[in-house]
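Student: please work out how this folds:
(one chain, ligands or ions: 1)
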Amino acid sequence: MTAAPPLIAFAHVGKSFDGGRGAKPVLAVDDVSLDVAEGEFLAIVGGSGSGKTTLLRLTNRLIDADSGHITVEGEDVRAVDPVRLRRRIGYVFQSGGLFPHMSVADNIGVTPKLLGTPAGDISARVDELLDLVRLDRSEHRDRLPGALSGGQRQRVGVARALAARPRIVLMDEPFGALDPLTRDALGDDYRALHHKLGLTTIMITHDMAEAVLLADRIAVMRAGKLLAQGTPAELSGSDDAYVGELLHTPRRQAERLKVLLPRDGAA
Ligand SMILES: Nc1ncnc2c1ncn2[C@@H]1O[C@H](COP(=O)(O)OP(=O)(O)OP(=O)(O)O)[C@@H](O)[C@H]1O
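Tutor: Predicted structure coming up:
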């Protein structure tokens, strides 16, 4: 039996940026090879400046690689028109990335409108998406992003990313700025959506605990390089010191919490 081809594949991908003012170029992504299978939820974990966002932006050609190849659904991304590619790939930004002067409904409907979808169909799709991300239709449809909580804004960001029915969703620290309860609820809700819609998701997070709880597989980046990849259980057996360090904190916290909170306090 042959294995299914990956839905997204990075092969020896490299990307540098001009360091500016005669400084050395910054090697943001350094020879990264990584496959993401259809239906998989992959978390990319790493410190600030490790190249996570650059890797995500290379996937939908917000920027182009200097070397190597990236394929999405079997096509080399360089052979695909970037605008068409981006319509096939949902993108959720850290702070929602919503247009502040546009209502929730208009924000969610922006891509269907660009695709020439009739107004009535867009309106029905907006309602469907609000239900999907568990926002009350009548309460939220006409609000401006500034009148939403951070968690509600992220829900709208997810709805907008899903509007054109993509098979792939890229998320750049989507829940990082939220309080822990909202973050947990949104993470769980998104994970359920990922399964229900049969999505393939790549999510960036600084938080190894979040990655372990949500993702099927985790890729660890440091200084532009892919240090390790695997299921949480596989990473747990890694002998890489940095991976061990990243796993140490959630492990230690879990052990301390078990002692300090012997009984589940939830109702
Ligand atoms: N447009 C750019 N021009 C110049 N340098 C850039 C640009 N984008 C990223 N870099 C540099 O590339 C490196 C990787 O940046 P990147 O944003 O991919 O890291 P990151 O892991 O996503 O960081 P963070 O977690 O802080 O968002 C950093 O040194 C950054 O300064």
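
Student: just the strands from the stretch 101-250 of the chain, written as ranges.
Tutor: 168-172, 200-205, 217-222, 225-230 (DSSP state E, counting those that start in this stretch).

Student: now mean pLDDT, mean neighbour count and distance to G51 too, for those, in TSV please.
Tutor: Any C-beta I mention is one placed from the backbone N, CA and C, and that applies to glycine too. As requested, these are arranged in TSV below (pLDDT from 0 to 100; neighbours: other CB atoms under 10 Å; distance: least, CB to CB, whole Å):
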stretch	mean pLDDT	mean neighbour count	distance to G51
strand 168-172	96	23	13
strand 200-205	96	24	10
strand 217-222	96	23	5
strand 225-230	95	18	8
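
Student: as TSV, those strands with distance to R125 would be great.
Tutor: Converted to TSV, the strands of the stretch 101-250 of the chain look like this (distance: least, CB to CB, whole Å):
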stretch	distance to R125
strand 168-172	17
strand 200-205	21
strand 217-222	31
strand 225-230	36
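
Student: any idea where the helices of this protein begin and end?
Tutor: For the chain, the helices defined by DSSP state H occupy 52-59, 82-88, 104-108, 110-114, 119-132, 137-140, 150-162, 180-196, 208-214, 232-236, 241-260.

Student: spell out which parts of this protein neighbour the ligand.
Tutor: For the chain, the residues in contact with the ligand (CB under 6 Å from any ligand atom) are 17, 26, 28, 46, 48-54.

Student: 5 Å - rerun?
Tutor: 17, 26, 28, 48-54 (CB under 5 Å from any ligand atom).

Student: nearest to L135, of those?
Tutor: Taking CB to CB as the measure, L135 lies nearest T53 of the residues of the chain next to the ligand, at 26.7 Å.

Student: so what pairs up with the nearest residue to that closest one once chain neighbours are set aside in the strands?
Tutor: Closest residue to T53 apart from its sequence neighbours, by CB to CB, 6 or more residues apart in numbering: D172 at 5.7 Å. Judged by DSSP bridges, the bridge partners of D172 are I204.

Student: so where is the stretch 151-267 of the chain shaky, pLDDT-wise?
Tutor: Scanning the stretch 151-267 of the chain for pLDDT under 70 picks out 264-267.

Student: isn't V126 up against L135?
Tutor: No - V126 is beyond contact range of L135, at 10.4 Å (criterion: CB atoms under 8 Å).

Student: shared neighbours of the two, anything?
Tutor: When contacts are counted by CB atoms under 8 Å, 6 or more residues apart in numbering, V126 and L135 have A159 as shared neighbours.

Student: hang on, the earlier thing: can I get the helices of the chain in a markdown table with mean neighbour count?
Tutor: Listed next are the helices of the chain as a markdown table, based on neighbours: other CB atoms under 10 Å:
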| stretch | mean neighbour count |
| --- | --- |
| helix 52-59 | 22 |
| helix 82-88 | 15 |
| helix 104-108 | 24 |
| helix 110-114 | 17 |
| helix 119-132 | 16 |
| helix 137-140 | 13 |
| helix 150-162 | 24 |
| helix 180-196 | 15 |
| helix 208-214 | 20 |
| helix 232-236 | 15 |
| helix 241-260 | 13 |
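
Student: quick one: T71 and V77 touch, right?
Tutor: Yes - between T71 and V77 a contact is recorded at 6.9 Å, counting by CB under 8 Å.

Student: G14: neighbouring residues, count only.
Tutor: As a burial measure, G14 scores 16 neighbours (other CB atoms under 10 Å).

Student: in space, what's closest to it - neighbours in sequence excluded?
Tutor: Excluding the flanking residues, the one nearest G14 by CB to CB, 6+ apart is S67, at 4.0 Å.
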